[in-house]
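1. dropping the sequence and predicted coords here.
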Amino acid sequence: MPNPQVLFVTSNRIGDCVISSGVIREIGRQLPGARITVACGRPPAPFFRSAPGVERVIVLDKKKMAGHWFELWKQARSTRWDMVVDIRGSALSYLIPAKRRVVYNRSWETGLRKVEMVSRLMGSDAPLDPEIWLDDQARAEAAAVIDPQLASGPGPGKIIALAPIAHQPGKSWPADRWGALVARLMAEPRFDGWRFMPVGGPGDRPPATPALQTAGDRAIDFVGKGDILASAAAIDRADLFVGNDSGLMHVSAALGRPTLGLFGPTEWWLYGPWGPKTATVASNETRGQFAPIKDLTVDHVFEAVLRLHDAHVRPAP
């Protein structure tokens, strides 16, 4: 019998791709030997190049008049798919031949965490934990940036990764607060000798600058230094992560790094990082209530970082 053919239509957003990444393993469990084609946006596409069972990644660049869906239909229509999994709930899934369709729709949004919702969509009783599949290329790209900076600074030390950007309005903690947080951590004995590594894309330089400038020779600059999988490999080198509600926050949690997510007027109880070494801090920590992220103080974040450190890095001195 030929290996089953599966089309997995996932997000154009990094965070949503990470949240739903457990679907890849579940496809393999339900259809052993499945040959998986992933359709996703360009930024998260590198995630899937070494994912188990994935033999092709189709990049969906958004086009006018939903032209990207027409392009995907042209590439998918000639295959008789054994399964189509579509977490974007597109009409495309009903326009191509498939023996089985698993298609997301709004009725699944019943207050469950997104990981749990995707897991139930796939028929799994247990949560499908997110996963990042690092490869040698990503690790080498991260090392080429990090290792020279470690060698030229005051010493290797532990690394705290920082993600001071979120691409939706209202999700970004003010840039100057990141500088103030780094200053507080540099003066804290728990972080003596630690290196501070902002991570982000090419457009994230302005919000990362205060943290880099404050850290001085203890900084490691990984802003705009590689694609998302190289950034994931950099985060995997860190001992602790602090970031806005963003794709990189979900990457860190999926890698098993102690992860603190910063939240403003978004639902931290639904979109917080997933995993046993994660925590959130919000401008309003009453579920169902919101406040601007600028109301989140440096003191509040600093204390949350200390708690995360003491719980998952080493006990308090």
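-> Received, thanks.

2. C-alpha from now on. contacts and neighbour counts both.
-> Noted.

3. quick one: contacts of stretch 135-154?
-> Residues from elsewhere that reach stretch 135-154 (C-alpha atoms under 8 Å, 6 or more residues apart in numbering): 50, 156, 193, 217-218, 220-222, 225-226, 229-234.

4. cool, stretch 241-253 as well?
-> With contacts defined as C-alpha under 8 Å, 6+ apart, stretch 241-253 is touched by 13-16, 18-19, 132, 160-167, 171-173, 200, 232, 235-236, 257-263, 271-275, 277-278, 305.

5. just stretch 185-196 next, same as before
-> For stretch 185-196, using C-alpha under 8 Å, 6+ apart, the contacting residues are 154-162, 182, 212, 215, 218-220, 302, 316-317.

6. now the buried members of those residues.
-> Buried residues within the contacts of stretch 185-196, defined by neighbour count using 16 or more other C-alpha atoms under 10 Å: 157-162, 182, 212, 215, 218-220, 302.

7. in a markdown table: the residues you listed, plus pLDDT and distance to Lys74.
-> What follows is the buried ones among the contacts of stretch 185-196, written out as a markdown table (pLDDT from 0 to 100; distance: C-alpha to C-alpha, whole Å):
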| residue | pLDDT | distance to Lys74 |
| --- | --- | --- |
| Gly157 | 86 | 52 |
| Lys158 | 95 | 49 |
| Ile159 | 97 | 46 |
| Ile160 | 98 | 45 |
| Ala161 | 98 | 41 |
| Leu162 | 98 | 41 |
| Val182 | 98 | 50 |
| Leu212 | 97 | 46 |
| Ala215 | 97 | 51 |
| Arg218 | 96 | 51 |
| Ala219 | 97 | 48 |
| Ile220 | 97 | 44 |
| Phe302 | 98 | 51 |
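
8. list just the nearest of the residues you listed to Glu109.
-> Leu162 (30.6 Å; C-alpha to C-alpha).

9. contacts only, for Val85.
-> By C-alpha under 8 Å, 6+ apart, Val85 lies in contact with Val6, Leu7, Phe8, Val9, Ser93, Arg101, Val102, Val103.

10. just the ones of the contacts of stretch 241-253 in helices?
-> Among the contacts of stretch 241-253, the members falling in helices (DSSP state H) are Ile14, Gly15, Asp16, Val18, Ile19, Ala232, Ile235, Asp236, Tyr271, Val305.

11. adding distance to Phe290, write those out as TSV.
-> Formatted as TSV, those follow (distance: C-alpha to C-alpha, whole Å):
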residue	distance to Phe290
Ile14	24
Gly15	21
Asp16	22
Val18	25
Ile19	23
Ala232	30
Ile235	29
Asp236	32
Tyr271	14
Val305	21
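
12. which of the residues you listed tops the neighbour count?
-> The most crowded member of the ones in helices among the contacts of stretch 241-253, judged by other C-alpha atoms under 10 Å, is Ile235 (29 neighbours).

13. from what I see, that residue and Ala163 are in contact.
-> No. Taking C-alpha atoms under 8 Å as the definition, Ile235 is not a contact partner of Ala163, at 9.9 Å.

14. quick one, longest helix in this structure?
-> Longest helix in the chain by number of residues (criterion: DSSP H): helix 136-152.

15. output it as CSV - backbone C-alpha positions only.
-> Presented in CSV, the C-alpha positions along helix 136-152 are these (Å, rounded to 0.1, in the frame of the first residue of the first chain):
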residue,chain,number,x,y,z
ASP,A,136,22.0,21.1,12.4
GLN,A,137,21.7,24.1,10.1
ALA,A,138,19.7,26.2,12.7
ARG,A,139,22.1,25.2,15.5
ALA,A,140,25.1,26.2,13.3
GLU,A,141,23.6,29.5,12.3
ALA,A,142,22.8,30.3,16.0
ALA,A,143,26.3,29.3,17.1
ALA,A,144,27.9,31.5,14.4
VAL,A,145,26.3,34.5,16.0
ILE,A,146,26.4,33.6,19.6
ASP,A,147,29.8,32.0,20.1
PRO,A,148,31.9,35.0,19.0
GLN,A,149,30.0,37.3,21.2
LEU,A,150,30.4,35.0,24.2
ALA,A,151,34.1,34.8,23.5
SER,A,152,34.5,38.6,23.3
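
16. that one - what's its average pLDDT?
-> Mean pLDDT, helix 136-152: 96.

17. that helix: how far from the chain's middle?
-> Offset of helix 136-152 from its chain centre (C-alpha atoms, centre = their mean, to the nearest Å): 20 Å.

18. pass me the low-pLDDT residue ranges in the stretch 201-317 of the chain, would you?
-> By pLDDT under 70, the low-scoring segments of the stretch 201-317 of the chain are 316-317.

19. which stretches of it form helices?
-> Counting by DSSP state H, counting those that start in this stretch, the stretch 201-317 of the chain has these helices, from start to end: 205-215, 228-236, 247-254, 268-271, 298-312.

20. which of these is buried the deepest?
-> Per-stretch averages of neighbours, counted by mean count of other C-alpha atoms under 10 Å, single out helix 247-254 among the helices of the stretch 201-317 of the chain, with a mean of 28.
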